[in-house]
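**Q** build me a model from this:
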Amino acid sequence: MMIRRNIIVTASLLLLSTQFCHAHVHTLAEADGIIVILVVIVIVLLVLGGIVLRQSRILRQRNEQLRRILNALDDYRAIVGNGELSLDEQEEMVKQKQSPPKKTKAVQIDEDHAFFVKMDARVNKEKPFTDPDFDYYALIAFMGVSQDEFCELVPRYKDPERTADYINSLRAEYAAKLLMEHTEDSMENIVSKCGFKDMAAFNSAFKFSFGITPSDYMNTISRMFKNKV
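**A** Numbering: from 1, shown residues only. Below is the predicted model:
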């Protein structure tokens, strides 16, 4: 729509410039110079319009992504935060949330996936990651298995660095919930509560997990709250 409007503006400017040159009896060289200037102006407007469209599209995508994140966090908080549910019941509800829509045939979940779902639910409920020293080996000890058993049950986390990314993503999700629920608290205090050793680690993990910076996240939350008032 904006491109069509720019084309109309371009044609109108060229038409007006032609009539202006004829009306003031400009020479051919002067008329060409005026038209060139107008064309340059129109090109600049087109480029600026393209930049605005691109930024608007990126902003819409980020807002949509953030809405999905917030909805998922709300669902997950409702499941894991329910103290009346056992871990097995939480595991079953998490699996139902993760199931694709309109799925009519049950799928047998293998042992390693079942272990990961149970581990994820338990870690989110007890939040051992709030300890800054909670790492790959601490996670294995937390689950009460040997390192070999852990690598067999969760092969995707054989690499300690990849496991560290998973733990930091849990910290980032917890931070996102705290930032949303405790807007009066300082970001530094929340970062400390979530187990991050410094702001740089928090910023990196948050961007890795959600695709946006903590500042963008807070700005979006602020706008959402303002719209609700």
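**Q** so where's the chain uncertain?
**A** Low-confidence segments of the chain (pLDDT under 70): 1-32, 34-35, 56, 58-112, 225-229.
**Q** domain boundaries for it, per the record?
**A** Following automatic domain parsing, the chain resolves into domains at 1-60, 61-228.
**Q** show me the contacts for Ser204.
**A** Taking Cβ atoms under 8 Å, 6 or more residues apart in numbering, we find Ser204 in contact with Asn168. (Each C-beta comes from the backbone N, C-alpha and C, glycine too.)
**Q** which residues touch stretch 156-169?
**A** Applying Cβ under 8 Å, 6+ apart, the contact partners of stretch 156-169 are 129, 134-137, 139, 150-151, 196, 201, 204-205, 208-209.
**Q** and the buried ones among the residues you listed, selectable in PyMOL?
**A** Of the contacts of stretch 156-169, the buried ones go into a single PyMOL selection, burial set by 16 or more other Cβ atoms under 10 Å:
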select buried, resi 129+134+136+139+150+196+201+205+209
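**Q** which members of the contacts of stretch 156-169 are positioned in helices?
**A** Tyr136, Tyr137, Leu139, Phe150, Cys151, Ala201, Ser204, Ala205, Phe208, Ser209 (DSSP state H).
**Q** in the chain, which spans are helices?
**A** Under DSSP H, the chain gives helices at 2-23, 28-80, 87-98, 111-126, 136-143, 147-153, 160-181, 187-193, 199-210, 214-228.
**Q** nearest to Met180, out of the contacts of stretch 156-169: which one, please.
**A** Met180 has its nearest neighbour among these in Ser209, at 14.4 Å by Cβ to Cβ.
**Q** wait, that closest one touches Cys194, no?
**A** No. The pair Ser209 and Cys194 fails to qualify as a contact (Cβ atoms under 8 Å) at a distance of 11.8 Å.
**Q** who touches both of the two?
**A** Residues touching both Ser209 and Cys194 by Cβ under 8 Å, 6+ apart: Ala172.
**Q** now do the same contact list for Met187.
**A** By Cβ under 8 Å, 6+ apart, the contact set of Met187 is Leu179, Met199, Pro214, Met218.
**Q** which residue is the nearest non-sequential neighbour of the third one?
**A** Leaving aside its chain neighbours, Pro214 sits nearest to Phe206 (5.0 Å; criterion: Cβ to Cβ, 6 or more residues apart in numbering).
**Q** over to the second one?
**A** For Met199, ignoring the flanking residues on the chain, the nearest one in space by Cβ to Cβ, 6+ apart is Val191 at 6.1 Å.
**Q** now that neighbour: how far from Phe208?
**A** Per Cβ to Cβ, to the nearest Å, Val191 is found 15 Å from Phe208.
**Q** do Arg171 as well
**A** Arg171 sits 11 Å away from Phe208, going by Cβ to Cβ.
**Q** and Ser146, by the same measure?
**A** According to Cβ to Cβ, Ser146 stands 29 Å off from Phe208.
**Q** same question for Ile37.
**A** Distance, Ile37 to Phe208, using Cβ to Cβ: 48 Å.
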